[in-house]
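Peer 1: pasted the sequence and its predicted model underneath.
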Amino acid sequence: MKNINKGGTAKTPEVFFDAQKGFLKIKGRSIPENSIEFYKPLIDWLDEYANQPQTNTTINIQLEYFNTSSSKCILDIFKKLERIHTDGTSVSISWYYEADDEAMLEAGEDYESLIDIPFKLVEID
């Protein structure tokens, strides 16, 4: 299974999904012209990864900003991970937010309430 390694742009986040290590990272801004088009390969990758996940899967999310359509796609990613977790694999999510970014903290809290996966809210300077 191929890893995903996309550099970030002004409108799309940096993405790194490593199947061998069970490590996923999304970092930056997520305001693509077409969120579904941007996130579909990531969701498809998770469908394939779910067939043979690592014992432990970790995802780090560190977004400065995301639009409404991205928020739905991020929830779709979390739902895929929730299925992997429900099937008995350890999955953990770390949601990074800047100390003064109330909106990102609240977004993380909202996601945490919607999914059944160990979820850490991590404040950064």
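Peer 2: Everything's here; your move.
Peer 1: so the closest residue to I36 other than its chain neighbours, which of the three states?
Peer 2: By the measure of Cβ to Cβ, 6 or more residues apart in numbering, the closest residue to I36 outside its immediate chain neighbours is C73, 6.6 Å from it. (Glycine included, C-beta is placed from N, CA and C.) Of the three states, C73 takes helix according to DSSP: H, G, I helix; E, B strand; the rest coil.
Peer 1: quick one, strands of the protein?
Peer 2: Under the criterion DSSP state E, strands of the chain are mapped to 4-6, 14-18, 23-30, 56-66, 90-98, 119-124.
Peer 1: elements contacting the longest one?
Peer 2: Under the contact definition 3 or more Cβ pairs under 8 Å, 6 or more residues apart in numbering; DSSP states H and E, strand 56-66 sits against strand 23-30, helix 68-86, strand 90-98, helix 102-114.
Peer 1: got a markdown table for these, with distance to I36 and mean neighbour count too?
Peer 2: Shown next, in a markdown table, are the helices and strands packed on strand 56-66 (distance: least, Cβ to Cβ, whole Å; neighbours: other Cβ atoms under 10 Å):
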| stretch | distance to I36 | mean neighbour count |
| --- | --- | --- |
| strand 23-30 | 12 | 20 |
| helix 68-86 | 7 | 17 |
| strand 90-98 | 21 | 19 |
| helix 102-114 | 19 | 15 |
